[in-house]
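A.B. asks: could you work out the structure for the sequence below:
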Amino acid sequence: MYIRKICKTKGCKRLQRRKGIVNGKDTYGTVCDLHRKTKNAFVKEFFNKQSIPNKKCSNCSWSKASCDRHRKIAANGYTKKNVIILCPNCHRLKHLKLI
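C.D. replies: Got it, this is the predicted structure:
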């Protein structure tokens with residue numbers, strides 16, 4: 001059985017991300033949830049303070065915490081032209097088609 005280890009990112013003490021069950025056994029990734037989200041170069045650039053200075057919601061201008069990326073067209077992936085920044089509330093409303 002595969003044993004859950006510590007994230008492979010240098011200096012990180014978090015446990016690896018659980019991916020699911022395959023053939024009755026738990027499987028894990030090589031990095032934790034935090035580093036899985038930030039290992040993509042585009043994501044790093046997109047959330048860099050120079051790219052989006054205030055990290056404000058494009059709908060309501062909320063900026064008290066980090067906001068979510070919303071893809072305008074899901075099939076097109078996370079590209080600069082296809083992503084808008086929404087706070088968690090607006091993001092939920094957008095998926096419910098209320099805004």
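
A.B. asks: from Gly24, how far out is the residue nearest to Lys56 when sequence neighbours are not counted?
C.D. replies: The shortest distance from Lys56 to any non-neighbouring residue, by Cβ to Cβ, 6 or more residues apart in numbering, is to Ser63 (4.4 Å). Glycine gets a C-beta too; all of them are placed from N, C-alpha and C. Ser63 is 45 Å from Gly24, where distance means Cβ to Cβ, to the nearest Å.

A.B. asks: so which of these two has more stuff around it?
C.D. replies: Neighbours per residue, other Cβ atoms under 10 Å: of Ser63 and Gly24, the larger number sits with Ser63, 13 against 6.

A.B. asks: thinking that one is in contact with Lys55, fair?
C.D. replies: Yes: counting by Cβ atoms under 8 Å, Ser63 does reach Lys55; the two are 6.0 Å apart.

A.B. asks: name the element Thr79 belongs to?
C.D. replies: For Thr79, there is no helix or strand it lies in under DSSP states H and E.

A.B. asks: return the helix or strand in this structure with minimum mean pLDDT.
C.D. replies: When each helix and strand of the chain is scored by mean pLDDT, DSSP states H and E, helix 41-46 comes last, with a mean of 57.

A.B. asks: can you list the strands that the next helix-or-strand element following that helix pairs with?
C.D. replies: Helices and strands here follow DSSP H and E; after helix 41-46, the next one along the chain is strand 68-71. Taking DSSP bridges as the criterion, strand 68-71 sits next to strand 83-86 (antiparallel) in its sheet.

A.B. asks: just give me how far the strand it pairs with sits from the chain centre.
C.D. replies: Here strand 83-86 is found 12 Å from its chain centre; the criterion is Cα atoms, centre = their mean, to the nearest Å.

A.B. asks: mind checking what helix or strand follows that strand in sequence?
C.D. replies: Counting by DSSP H and E, what follows strand 83-86 is helix 88-95.

A.B. asks: now for that following helix, which elements pack on it?
C.D. replies: strand 68-71 (3 or more Cβ pairs under 8 Å, 6 or more residues apart in numbering; DSSP states H and E).

A.B. asks: can you get me a residue count around Lys55?
C.D. replies: Counted with other Cβ under 10 Å, the neighbours of Lys55 add up to 16.
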